[in-house]
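**Q** show me how the following folds:
(chains A and B)
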Protein chains: 2
Amino acid sequence: MTETKYTYQQLFDFATQLFGKIGCSPADARTAGKVLLSADLRGVDSHGIARLSGYIRLWKAGRVNANPAINIIHQSPSTAVVDADAALGLVSAPYAMQLAMEKARTAGTGWVSVQNSNHFGIAGIHAMMALEEDMIGIAMTNASPLVAPTFSTERLLGTNPIAVAIPAGKQAAFVADMATTTAANGKLEILQRKNMSAPFGWIQDKDGKVSTNQHEVKNGGALLPLGGTREQGSHKGYALGSIVDIFSAILSGANYGPWVPPFVSFLPVAEDLPGKGIGHFFGAMRIDAFRPAEDFKKNMDQWIERFRNAKTIEGEECVLIPGDIERDMEQERMKNGIPLLAAVVKDISELAIEYDTDIKFN
Amino acid sequence: MTETKYTYQQLFDFATQLFGKIGCSPADARTAGKVLLSADLRGVDSHGIARLSGYIRLWKAGRVNANPAINIIHQSPSTAVVDADAALGLVSAPYAMQLAMEKARTAGTGWVSVQNSNHFGIAGIHAMMALEEDMIGIAMTNASPLVAPTFSTERLLGTNPIAVAIPAGKQAAFVADMATTTAANGKLEILQRKNMSAPFGWIQDKDGKVSTNQHEVKNGGALLPLGGTREQGSHKGYALGSIVDIFSAILSGANYGPWVPPFVSFLPVAEDLPGKGIGHFFGAMRIDAFRPAEDFKKNMDQWIERFRNAKTIEGEECVLIPGDIERDMEQERMKNGIPLLAAVVKDISELAIEYDTDIKFN
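**A** Got it, this is the predicted structure:
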């Protein structure tokens, strides 16, 4: 597959300009561009610039509000519920995470559930905002139903990711960012593009049998919760995905389970929705609401060093700390550029023409 | 295997009396008895009365303090760190969970990290305390290192469970309680007793190869993080177990990773410990700090009904909601008694003689 490289700055400027063209304020457009591009930088190619046309289509379909009045509809010293007013999640998520951090500054921790939102890009980047203030950051979101609970043939949950960012001292931060499925949908899309079969435990067919056919989800199949099969703990992945759904949507008043509106604009939104839009959940815990941050960081450094230097199985260089791969990727791509597949370049070059942006592609 | 049934009341009275005999106050002894027996009631036989002699041995070894001065060493409106003063976790955990709920009453949420503690029984029972006040309850703990991180041959993490209890309306509460490994150690012990091999993905041998030999952990092997193998997402189970370790121990100042003191009294405690005892982490979120509890519960009921009535794969009766199995078991055992294996009866009958309790077993 042909790939072309673009600099971060080129793609950031393009995305930001495009968000401006659909009516986002300059500040919101920059925020959305930054969040979107963080996925490309960190190697989560499915959630970055490749998804830009999808967001634009949602806006065209009237499901994204480029000029939202994001609003706190309920709060306590350490909590809030935010109505995102159909904003891009790329915009409402940083707003809500900031609010969680603001709560944490005075109450020790802050917890914000968001209703009436849309896809928020990668979860990790929102959780990482907390690191700048020596806080632990947590971000999660529900998503279009693609995942079957254990024992079911129905798709009732999204890949519902959980991200947790934890500051360290000399060491880089611990940043976990994971779908609560065996594999994220983006990983499956890569196999589909490469025409490779799926590993055991990733998906099931329409009858609920584990399948290695990478196209099974389109034939009535489903992604499997982390664990894959009941014997290997899929009921735990199902429980985790459910917790994300409930924290993100039932605490906020968003749609949950099978009622979560699909990301793609060509699929219909269900009728009789129980809530508004999709839901997110954010948390911020100030380290020094528990212990002096310096003591905590010293222990984190020791933890990270001990794990990284653990004895490995033959053929593996070292034990990885959550976030290692994405951080290396970010440095590499910031320096050498972001590779885009020909199909993605075609997609954004059409956007560039349609919206007459300064940067054209090809 | 021969089993004898005892009533809940018999075993609760016995455990409570025994905790009194080693010096616990009447109130602490009752709390410890109740938490211990909740495991037997809910079908987690490895964590109940079968473990009583282990707690007593830890007390004999001077590692459990029957008369602790449990103490808040740091706090903010929504957080606290508790020094459990080497208490039984069966006692310090309910104390800390109460404190989290107290914080939640005024701040909306409460988060308590505990140092200098010991094994706390099953996580679920602590999380469930929050249900009585229309709060979401969260409980986690670190534990003796038995689990190898992805790519490692070393045992650096415990089975580090996460429990989340969420209230519903007409429906029973959602109660997830899961080790962050493919299977809890108690499940493996059952296979060892029955001389059955372990399913793929549960354990690895000393070289890090996945093994089905149920005795492999004793030969230098390890339990595997949820996911089992890298391809099936074990790095996610490893990240989850790590988060539990960090929240429980690095936020509190307890021991973490490979330094967590072993539960069994015959294994030595490592030297140069980085913290005190083992660590726990508790959270309580008041539902009405987000939304009116009635609205939340109505949505939870709809969520639960939709999932329970989802189409099943052939041969399965219904989709289970986290907590269903344990709740049914609790009702059954409360009515018909708790079955104990002959080895467990022998164990407690020796305790009954040694400490001259009112109830004898034989």
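
**Q** can you report phi and psi for A:Ile138?
**A** Backbone geometry at A:Ile138, expressed as degrees, to the nearest 10, gives phi -130, psi 140.

**Q** now do the contacts for whichever residue of the stretch 251-362 of chain A sits closest to chain B.
**A** Of the stretch 251-362 of chain A, the residue with the smallest distance to chain B, taken as CB to the nearest CB, is A:Ile313 at 3.0 Å. For every residue, glycine as well, the C-beta is placed using N, CA and C. Neighbouring residues of A:Ile313 by CB atoms under 8 Å, 6 or more residues apart in numbering or on different chains: B:151-153, B:207-209.

**Q** for it, which non-adjacent residue is closest in space?
**A** Closest residue in space to A:Ile313, ignoring its immediate chain neighbours: B:Gly208 at 3.0 Å, by CB to CB, 6 or more residues apart in numbering or on different chains.

**Q** and the pLDDT for whichever residue of the stretch 151-300 of chain A sits closest to chain B?
**A** In the stretch 151-300 of chain A, no residue comes nearer to chain B than A:Gly208, which is 3.0 Å away by CB to the nearest CB. Predicted confidence (pLDDT) at A:Gly208: the value is 96.

**Q** with A:Ala184 instead?
**A** 89.

**Q** with the one 10 residues further on instead?
**A** As predicted, A:Lys194 sits at a pLDDT of 86.

**Q** if I look at it, how far off is A:Lys335?
**A** Relative to A:Lys335, A:Lys194 is positioned 26 Å away (CB to CB, to the nearest Å).

**Q** and A:Ile287, what is it in contact with?
**A** In this structure, A:Ile287 makes contact with A:134-136, A:167, A:293, A:296-297, B:251, judged by CB under 8 Å, 6+ apart.

**Q** got it, and A:Met300?
**A** By CB under 8 Å, 6+ apart, the contact set of A:Met300 is A:166-169, A:171, A:174, B:246, B:250.

**Q** A helix includes it, no?
**A** Yes. Counting by DSSP: H, G, I helix; E, B strand; the rest coil, one finds A:Met300 located in a helix.

**Q** for it, give its distance to A:Asn213.
**A** According to CB to CB, A:Met300 stands 43 Å off from A:Asn213.

**Q** give me the buried entries from the contacts of A:Ile313.
**A** Taking 16 or more other CB atoms under 10 Å in any protein chain shown as the criterion, what is buried in the contacts of A:Ile313 is B:151-153, B:208.

**Q** greatest separation within those residues: which pair is it?
**A** Farthest pair in the buried ones among the contacts of A:Ile313 (CB to CB) is B:Phe151 and B:Thr153. Separation: 8.8 Å.

**Q** any shared contact partners between these two?
**A** A:312-313, B:208.

**Q** any stretches of the stretch 151-300 of chain A with poor pLDDT?
**A** Low-confidence segments of the stretch 151-300 of chain A, defined by pLDDT under 70, are absent; every residue clears the threshold.

**Q** can we see that at 90?
**A** A:184-187, A:189-190, A:192-194, A:263-271 (pLDDT under 90).

**Q** need the strands for it, in chain order.
**A** With DSSP state E, counting those that start in this stretch applied, the stretch 151-300 of chain A shows strands at A:162-166, A:174-178, A:203-204, A:210-211, A:222-223, A:278-286, listed in chain order.

**Q** got the end-to-end distance for stretch A:46-65?
**A** Across stretch A:46-65, the straight-line distance between its terminal residues is 23 Å, by CA to CA, to the nearest Å.

**Q** for it, which positions count as buried?
**A** Of the residues in stretch A:46-65, those scored as buried under the neighbour-count criterion (16+ other CB under 10 Å) are A:47-53, A:55-56, A:58-59, A:63-65.

**Q** same check, this time on stretch A:95-105
**A** Within stretch A:95-105, the residues that qualify as buried by neighbour count (16+ other CB under 10 Å) are A:95-101, A:103-104.

**Q** next up, the contacts around the residue nearest the centre of chain A.
**A** With distances taken as CA atoms, centre = their mean, chain A has A:Ile122 as the residue nearest its mean C-alpha position (2.7 Å). Counting by CB under 8 Å, 6+ apart, A:Ile122 touches A:35, A:38-39, A:42, A:44, A:47, A:161, A:163, A:177.

**Q** narrow the residues you listed to those that are buried.
**A** Burial of those was assessed by neighbour count (16+ other CB under 10 Å); the buried members are A:35, A:38-39, A:42, A:44, A:47, A:161, A:163, A:177.

**Q** separation between A:Ile353 and A:Leu11?
**A** From A:Ile353 over to A:Leu11 the distance is 16 Å, taken as CB to CB.

**Q** who's more crowded, these two?
**A** Neighbours around A:Ile353 and A:Leu11, counted as other CB atoms under 10 Å in any protein chain shown, are more numerous at A:Leu11. The numbers are 24 against 12.

**Q** surely that one is in contact with A:Leu37?
**A** Yes. Under the criterion of CB atoms under 8 Å, A:Leu11 is in contact with A:Leu37, at a separation of 5.8 Å.

**Q** quickly list what's touching both of those two.
**A** When contacts are counted by CB under 8 Å, 6+ apart, A:Leu11 and A:Leu37 have A:49, A:338 as shared neighbours.

**Q** how does chain A divide into domains?
**A** As recorded under automatic domain parsing, the domains making up chain A are A:1-64+A:337-362, A:68-182+A:224-295, A:193-221, A:296-320.

**Q** which residues does the most far-flung residue of chain A relative to its centre contact?
**A** No residue in chain A sits farther from the centre than A:Glu314, which is 32.9 Å out by CA atoms, centre = their mean. Residues counted as contacts of A:Glu314 (CB under 8 Å, 6+ apart) are B:207-208.

**Q** work out for me the element it sits within.
**A** Assigned by DSSP states H and E, A:Glu314 belongs to neither a helix nor a strand.

**Q** distance of it from B:Leu41?
**A** 45 Å.
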